[in-house]
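> Next come a sequence and a model predicted from it.
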Amino acid sequence: MALDLHEQEQVDALKAWWRDNGKLLLLAIVLGVGIFGAVLGWKYWHAKQNAEAATLFGEVMKQVNSNDPKRVNDAAAAVVSQYGSTMYASRAELLAAQINIQIKDGATAATQLQWVIDHAAEATLQDVARLKLASLRLDEKKYDDALALLDATHPDAFTGLYVDLKGDVLSAQGKTDEARVAYKQALDKINAQSSYRNLIQMKLDALGGAK
């Protein structure tokens, strides 16, 4: 069926547009499909990684209950080496570090805690690791290192614990007045119903601080 002049002009204009833009349009479609596929692939891979990491983390928990430090460390190291980008890696290292702290293997615990500080995606886990590492540094009499960790930015919910430990470090350094200030700050931050306040008050009293 013959086209009238107006229709022919529209067809010619469409052909001209396609000639100028068709390749770009096709490229955009191909890229869009490719990106969509990549996103789906990444989501599948991420879910698979988390599922496998969760299974391996279960092995860490099992070994924690076995009270065998070597097995705990080996299981945690496996999670980190194979699934270091997942949330389970930092949790595995924290569990292993706690076991090593209990058996007085401070060097191994410190390495694991530093890994959490450097790699954990969750700030809360980093805050916990800093607190534990600062406690280790206090035991090692590395007071400046401990204070540097405790001076790191942290949420208000951790302030009571941080300044309490800071008081311990300052007290160990013989800085009684500064320690007293830190313990008073800890009392202000710790929940009024918490029994932990009794321990802080005892340390404050030992320094001559008033209730």
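Received the coordinates, thanks.
> In three-state terms, label S85 for me.
Counting by DSSP: H, G, I helix; E, B strand; the rest coil, the backbone at S85 sits in coil.
> List phi and psi for it.
Dihedral angles of S85 (phi, psi; degrees, to the nearest 10) stand at phi -90, psi 0.
> D205 too?
Backbone torsions for D205, taken as degrees, to the nearest 10, come to phi -60, psi -40.
> That one and K184: what is the separation?
Going from D205 to K184 by Cβ to Cβ, to the nearest Å gives 12 Å. For every residue, glycine as well, the C-beta is placed using N, CA and C.
> and these two? which has more neighbours close in?
With neighbours defined as other Cβ atoms under 10 Å, D205 and K184 compare such that K184 has more, 17 against 12.
> That one reaches L204, doesn't it?
Yes: between K184 and L204 there is a contact at 6.8 Å, judged by Cβ atoms under 8 Å.
> Just checking the distance from stretch 91-110 to the centre of its chain.
Averaging C-alpha positions (Cα atoms, centre = their mean, to the nearest Å) puts stretch 91-110 16 Å from its chain's average.
> Domain boundaries for this structure, per the record?
What automatic domain parsing lists as the domains of the chain is 28-121, 142-211.
> Which pLDDT value belongs to A47?
As predicted, A47 sits at a pLDDT of 63.
> By mean pLDDT, flag the weakest helix or strand of the protein.
Every helix and strand of the chain was ranked by mean pLDDT, DSSP states H and E. The lowest is helix 5-66, at a mean of 64.
> related to what we said a few turns ago, kindly present the domains of the chain as a markdown table, with separate columns for distance to L136.
Shown next, in a markdown table, are the domains of the chain (distance: least, Cβ to Cβ, whole Å):
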| stretch | distance to L136 |
| --- | --- |
| domain 28-121 | 5 |
| domain 142-211 | 8 |
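> Select from those domains the stretch with the lowest mean pLDDT.
Mean pLDDT is lowest for domain 28-121 among the domains of the chain, at a mean of 81.
> what sits against the residue lying closest to D139 once chain neighbours are set aside?
Spatially, and ignoring its direct neighbours in sequence, D139 is nearest to G106 (6.8 Å; Cβ to Cβ, 6 or more residues apart in numbering). Residues in contact with G106 (Cβ atoms under 8 Å, 6 or more residues apart in numbering) are N100, L136, D139, E140.
> returning to that earlier point: out of the domains of the chain, flag the one nearest L131.
Between L131 and the domains of the chain, the tightest spacing by Cβ to Cβ is seen for domain 142-211, at 5.9 Å.
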